[in-house]
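3D model of this:
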Amino acid sequence: MSFESAALTRLWRYRGEADASLENLRESEECARRFSERLFGGLEYVASLGREAGFEIEAGRSGRSLTLRVAAGGSEAAEASFAFVSGAAAESDEDLMHEELSRYSLDPSGYSGRILGWTEAAGEEPCQIFSVYRDGIWKTKGLFVAKARGKTDDSDEILNGFCLRILGRVVDLAALTGGAGRKWAEGSYTRRDLEEGRAFPTRPRFPR
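Here you go, the predicted structure:
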């Protein structure tokens, strides 16, 4: 076989592998996008139930994101935002990895798309991460839900129950429930601070 024939044979194999890998990436991203729509719909649904229960709850969408704003009984409002992010990649977080893979086996079936969650109380970095795989498996870890997994085609009842857990944790941040809320922070507080009406410094408290 000539060099040219051998080279073309190898390049066609490379092309097939590249096409398959890119298709896996696209499918993982699309699966995450579809799941984000179901997740956001579930959060909107439980938010409406929360309003019926007397909470002040807003659930607003903007593009690929959704923000929950919750207040309870005159408490300071707490916010949580979730967003689908573009792209997919081989998952390297052991807690979020597909059950059939390990950190030493990141083949294309390990590609996942992501949905992230934030709250000001936890700082700038994402406090909740969802990894969604092309076969419909999703896994998450973070502040609102420590660890969970499911299938993107789980029933509405199951998904809404999961969304209720998330909403409950946002309520925890808005009020002193569930071991969450605020605690006294270190630092000085002078008589002048008191006379000038400054609040004593506190910071978010998250149960472990």
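
Please, where are all the helices along the chain?
Per DSSP state H, the chain carries helices over the ranges 3-52, 156-174, 191-195.

Now do the contacts for the closest residue to Leu96 other than its chain neighbours.
Spatially, and ignoring its direct neighbours in sequence, Leu96 is nearest to Ser131 (4.1 Å; C-beta to C-beta, 6 or more residues apart in numbering). C-beta coordinates here come from the backbone N, C-alpha and C atoms, glycine included. Neighbour list for Ser131: Glu91, Asp93, Leu96, Met97, Ser112, Gly113, Arg114, Trp138, Lys139, Thr140 [criterion: C-beta atoms under 8 Å, 6 or more residues apart in numbering].

tell me the mean pLDDT over the longest strand along the chain?
Secondary structure of the chain per DSSP state E: the longest strand is strand 78-90. For strand 78-90, mean pLDDT rounds to 92.

Export that strand to PDB, keeping only CA atoms.
Extracted in PDB, the C-alpha atoms of strand 78-90 (Å, rounded to 0.1, in the frame of the first residue of the first chain):
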ATOM      1  CA  ALA A  78     -32.800  35.400  49.400                       C
ATOM      2  CA  GLU A  79     -32.000  34.800  45.800                       C
ATOM      3  CA  ALA A  80     -30.900  31.800  43.800                       C
ATOM      4  CA  SER A  81     -30.100  31.700  40.100                       C
ATOM      5  CA  PHE A  82     -29.700  28.700  37.800                       C
ATOM      6  CA  ALA A  83     -28.500  28.700  34.200                       C
ATOM      7  CA  PHE A  84     -27.800  26.300  31.400                       C
ATOM      8  CA  VAL A  85     -24.300  26.900  30.100                       C
ATOM      9  CA  SER A  86     -23.200  26.200  26.500                       C
ATOM     10  CA  GLY A  87     -20.800  23.400  25.700                       C
ATOM     11  CA  ALA A  88     -20.000  19.900  26.900                       C
ATOM     12  CA  ALA A  89     -16.800  18.300  28.200                       C
ATOM     13  CA  ALA A  90     -15.500  15.100  29.700                       C
END
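
any idea of the angle it forms with helix 3-52?
160 degrees (axes from the mean of the first three to the mean of the last three C-alpha atoms, to 10 degrees).
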